[in-house]
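In: From the sequence below, what's the structure:
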Amino acid sequence: MHVVVVGCGRVGSGLAGVLEGAGHTVAVIDKAQKAFRRLPESFSGRKVLGVGFDRDLLREAGIEEAGALAAVTSGDNSNIMVARTAREQFGIERVVARIYDPRRAEIYERLGIPTIATVQWTTDRVLRRILPGVAATEWTDPSAGVVLVERTVAASWAGRSLTDLDITGLARVAALSRLGVGRVPTPDLVTQEGDVVYMSVDALQIAELDAHLAGESAGSPSTGGHR
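Out: Numbers count the residues shown, from 1 in each chain. Next up is the predicted model:
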């Protein structure tokens, strides 16, 4: 696959190197010539000097045969302009924009432009390490209807089927991490204290999920109403 990377900072140059190492062809656009020095010495892709939302420069970078584009400059406005140009003018489906302002990231996600909000991503993970009980989300779909949340399994769930954590139509276990090793749920998998589960859940029902988990952890009997 051909990939266009706009922005040759630490993220863009590293991304370009990884993509090329994986066998993809890559073109990198940056407005500063010296930025290309960050690329690996072995990099053999195209280097295009200029702003990434210039359609002629995007064509020079091979946007018309590209399968994906990543806009990872240091400016939110530039990244969104690049992403929208790639999506709307060239029909590129796999587009992602790096956004520093999480409020903007939410808006653009709802418009169908996947974003990486670096500030919010970092904040969530710092809070999770210093405040283990904080509720954080790993992923939100563009319509903000479904989120992926991380939860630690309490002792009272130990020995129960992993599927008992599910709430039909509202929440489901997507993956489990045990002692740092990820696992895909299987029908015979039972929980252990300290397991970390990643659950897809209706964005409006996170509180119900947490109440469900808290009720079980408090030792309340399963009513079967969610199953």
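In: For the protein, which segments count as helices?
Out: 10-21, 55-60, 76-84, 90, 102-110, 118-130, 206-217 (DSSP state H).
In: weakest of these in terms of mean pLDDT?
Out: Sorting those by mean pLDDT places helix 118-130 lowest, at a mean of 56.
In: Can you show me the strands along this protein?
Out: Assigned by DSSP state E, the chain shows strands spanning 2-6, 25-30, 46-49, 68-71, 94-99, 115-117, 137-140, 146-152, 171-178, 181-183, 196-202.
In: would you list those in a markdown table and tack on distance to P40?
Out: From N, CA and C alone the C-beta is placed, and that goes for glycine too. Formatted as a markdown table, the strands of the chain follow (distance: least, CB to CB, whole Å):
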| stretch | distance to P40 |
| --- | --- |
| strand 2-6 | 13 |
| strand 25-30 | 11 |
| strand 46-49 | 12 |
| strand 68-71 | 17 |
| strand 94-99 | 20 |
| strand 115-117 | 22 |
| strand 137-140 | 30 |
| strand 146-152 | 33 |
| strand 171-178 | 32 |
| strand 181-183 | 29 |
| strand 196-202 | 33 |
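In: Including distance to R87 and mean pLDDT, could those go into a markdown table?
Out: Conversion of the strands of the chain to a markdown table gives the following (distance: least, CB to CB, whole Å; pLDDT from 0 to 100):
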| stretch | distance to R87 | mean pLDDT |
| --- | --- | --- |
| strand 2-6 | 12 | 95 |
| strand 25-30 | 16 | 96 |
| strand 46-49 | 19 | 96 |
| strand 68-71 | 8 | 92 |
| strand 94-99 | 5 | 86 |
| strand 115-117 | 12 | 67 |
| strand 137-140 | 19 | 67 |
| strand 146-152 | 22 | 85 |
| strand 171-178 | 27 | 93 |
| strand 181-183 | 31 | 90 |
| strand 196-202 | 25 | 91 |
